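**Student:** no sequence on this one, just coordinates:
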C-alpha cells in the first residue's frame, strides 16, 4: 500500500467507444431493416388509397435521419445521451413505417396478410413514444433547460387539447382502424 486510496480503474474513452459501437450498429441495422420492410409493403400496396397525414412512407426519412445522426454521435461520443435518443427515434420511425405499410397491405389489398388489424392498432399508437422521446428528453438535454421545458410543456398541452378527441378516442370504422378507409 502506498497510503493512497485504492481507486478502481476507469474505462477510457476508447474502451467506451469500442463497447458502444456494436450496439449502435445493431440499432442502425434494425432501423434500416424495418425501413426496407416498410418500403417493400409500400410498393406492394401502392395502389391502395389511404387517408393519412403526409405522404405514405414519410417516416422512412425520420428513420434514416434519426438512425444516421444517432450513429454518428454515438460512434464518436457514446456518453452523449442525445445520440442514443436519435438512434431510438430512428428505430421507432422504422417500426412505424413497417407497421403502417404492413397494415395497409393486409387490410386494403386483395391478397391481404394475417394480423393486419393488430398491426394497424400498433401503428396507430406508435406516435406516442415518438412524441415523448423527440420532445421532452431531447429538449431537456439541451442548454437552457428551463426555456426548453416551458416550450415542450406548452406544445404538448396544445397538441393534447387539439387532438384528444380525434386521436385518443378514435374507434375502428367498419372493422378497420380510423385513417384506413
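**Tutor:** Right, received. Where do you want to start? What you see is a predicted model, and the numbers here were worked out from it, not measured in a lab.
**Student:** C-alpha only now, for contacts and for neighbours.
**Tutor:** OK.
**Student:** Quick check: which element contains residue 36?
**Tutor:** helix 13-44 (DSSP states H and E).
**Student:** any low-confidence regions in this protein?
**Tutor:** 1-11, 13, 136-181 (pLDDT under 70).
**Student:** Helices of that one, start to end?
**Tutor:** According to DSSP state H, the chain carries its helices in the segments 13-44, 59-76, 81-108, 116-125, 127-134, 136-140, 145-163.
**Student:** Please identify the deepest-packed of the ones you listed.
**Tutor:** Per residue and on average, the most neighbours among the helices of the chain fall to helix 81-108, with a mean of 25 (mean count of other Cα atoms under 10 Å).
**Student:** now it against helix 127-134, angle please.
**Tutor:** 160 degrees (axes from the mean of the first three to the mean of the last three Cα atoms, to 10 degrees).
**Student:** what packs against helix 81-108?
**Tutor:** helix 13-44, helix 59-76, helix 116-125, helix 127-134 (3 or more Cα pairs under 8 Å, 6 or more residues apart in numbering; DSSP states H and E).
**Student:** number of nearby residues for residue 54?
**Tutor:** By other Cα atoms under 10 Å, 8 other residues sit near residue 54.
**Student:** Would you mind measuring from it to residue 90?
**Tutor:** Distance, residue 54 to residue 90, using Cα to Cα, to the nearest Å: 18 Å.
**Student:** thinking again about what came up before, now for the helices of the chain, which one comes closest to residue 50?
**Tutor:** helix 81-108 (7.7 Å; Cα to Cα).
**Student:** Residue 87 contacts residue 73, doesn't it?
**Tutor:** No - using Cα atoms under 8 Å as the test, residue 87 is too far from residue 73 to be in contact (9.3 Å).
**Student:** what about stretch 48-55, start to end distance?
**Tutor:** Across its full length, stretch 48-55 reaches 13 Å end to end, with Cα to Cα as the criterion.
**Student:** Right, I'll call it a day here.
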